[in-house]
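*Asks:* Predicted model and sequence below, questions to follow.
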Amino acid sequence: DAGITQSPRHKVTETGTPVTLRCHQTENHRYMYWYRQDPGHGLRLIHYSYGVKDTDKGEVSDGYSVSRSKTEDFLLTLESATSSQTSVYFCAIRRGGTDTQYFGPGTRLTVL
Amino acid sequence: EDKVVQSPLSLVVHEGDTVTLNCSYEVTNFRSLLWYKQEKKAPTFLFMLTSSGIEKKSGRLSSILDKKELFSILNITATQTGDSAIYLCAVEGGYSGGSNYKLTFGKGTLLTVNP
């Protein structure tokens, strides 16, 4: 348990609506990541953060934005959800002592 | 572009069998290779390998890295039904060059262990 929570855990929404997913950590880690996982594609990096207000894009960032206004929270926003964004979203932190990433429990998002 | 290829993509074995899962990679500024196990939830960390030829072991699981040939293997001996899962391989690029410790994942190997 790396002290990571994600909310909501499940969400069903309609095409065109905005959606925000939250990742919260309790261990003060600098690096945080958002991934999506789809059958046949494995885990793909959407965006990541290397500090408060410091973020950068991953390999599948189109249609997503992120914000990190405090160390413990990393938000992923879908400005206008599309059916192709139906997926399971995982947040991760990088634990500096072990140099490994640990994952939150995931959010299952369905866009109808 | 960093790339990780796992094989086989799926595997069905009987309890007691030994399995070998493969992971090959191409990455700039290689820092480490990680193995994760994923059941019906989030991936859980198994091993991190940074040096060639050094085996990491945990019970019936072991893994080794070959940095010259750019691959790793994960062995599971005396498999049990509880080993059924997706096994994910990932490589981490280091900080130099601006990669900010990003992980690139393979597509995973789905292992099914039948009783």
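*Replies:* Yep, that arrived. Numbers count the residues shown, from 1 in each chain, chains lettered A, B, ... in the order given.
*Asks:* got a list of what A:Val60 touches?
*Replies:* If a contact means Cβ atoms under 8 Å, 6 or more residues apart in numbering or on different chains, then A:Val60 has A:36, A:44-46 as its contacts. For glycine as for every other residue, the C-beta is placed from the backbone atoms N, C-alpha and C.
*Asks:* Likewise for A:Ala81?
*Replies:* Contacts of A:Ala81 (Cβ under 8 Å, 6+ apart): A:13-19, A:109, A:111.
*Asks:* any idea which element the residue nearest the centre of chain A lies in?
*Replies:* Most central in chain A under Cα atoms, centre = their mean is A:Trp34, positioned 3.1 Å from the mean C-alpha point. A:Trp34 belongs to strand A:32-38 when assigned by DSSP states H and E.
*Asks:* Which strands border the next helix or strand after that strand, and is each parallel or antiparallel?
*Replies:* Once the chain leaves strand A:32-38, the next helix or strand it forms, by DSSP H and E, is strand A:42-51. Applying DSSP bridges, strand A:42-51 is found paired with strand A:32-38 (antiparallel), strand A:54-57 (antiparallel).
*Asks:* ok, residues contacting the shortest one?
*Replies:* I take that to be strand A:54-57. For strand A:54-57, using Cβ under 8 Å, 6+ apart, the contacting residues are A:47-50, A:66-68, B:100.
*Asks:* Run through the residues of chain A sitting next to chain B.
*Replies:* A:31, A:33, A:40-45, A:48, A:50, A:56, A:58, A:90, A:94, A:98-106 (Cβ under 8 Å from any Cβ of the partner chain).
*Asks:* Take the residues you listed and, keeping just the buried ones, write it as a PyMOL select command.
*Replies:* To isolate the buried members of the residues of chain A next to chain B in PyMOL, using 16 or more other Cβ atoms under 10 Å in any protein chain shown:
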select buried, chain A and resi 31+33+42+43+44+45+48+50+58+90+94+100+101+102+103+104+106
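*Asks:* Touching, the residue nearest to the centre of chain A and A:His47? I think so.
*Replies:* Yes. The criterion here is Cβ atoms under 8 Å, and A:Trp34 meets it with A:His47 at 5.2 Å.
*Asks:* What is the burial count for residue 52?
*Replies:* Let's take chain A. 13 (other Cβ atoms under 10 Å in any protein chain shown).
*Asks:* To clarify, I was referring to chain B.
*Replies:* B:Ser52, neighbours per other Cβ under 10 Å, totals 12.
*Asks:* Please apply the same query to the one 3 residues further on.
*Replies:* Counted with other Cβ under 10 Å, the burial measure for B:Glu55 works out to 12 neighbours.
*Asks:* quick one, strands of the chain?
*Replies:* In the absence of a named chain, chain A is used. For chain A, the strands defined by DSSP state E occupy A:4-7, A:10-13, A:19-25, A:32-38, A:42-51, A:54-57, A:64-70, A:73-78, A:87-95, A:100-103, A:107-111.
*Asks:* Please refer instead to chain B.
*Replies:* B:3-7, B:10-14, B:19-26, B:30-38, B:44-49, B:56-58, B:61-66, B:71-76, B:85-93, B:103-105, B:109-114.
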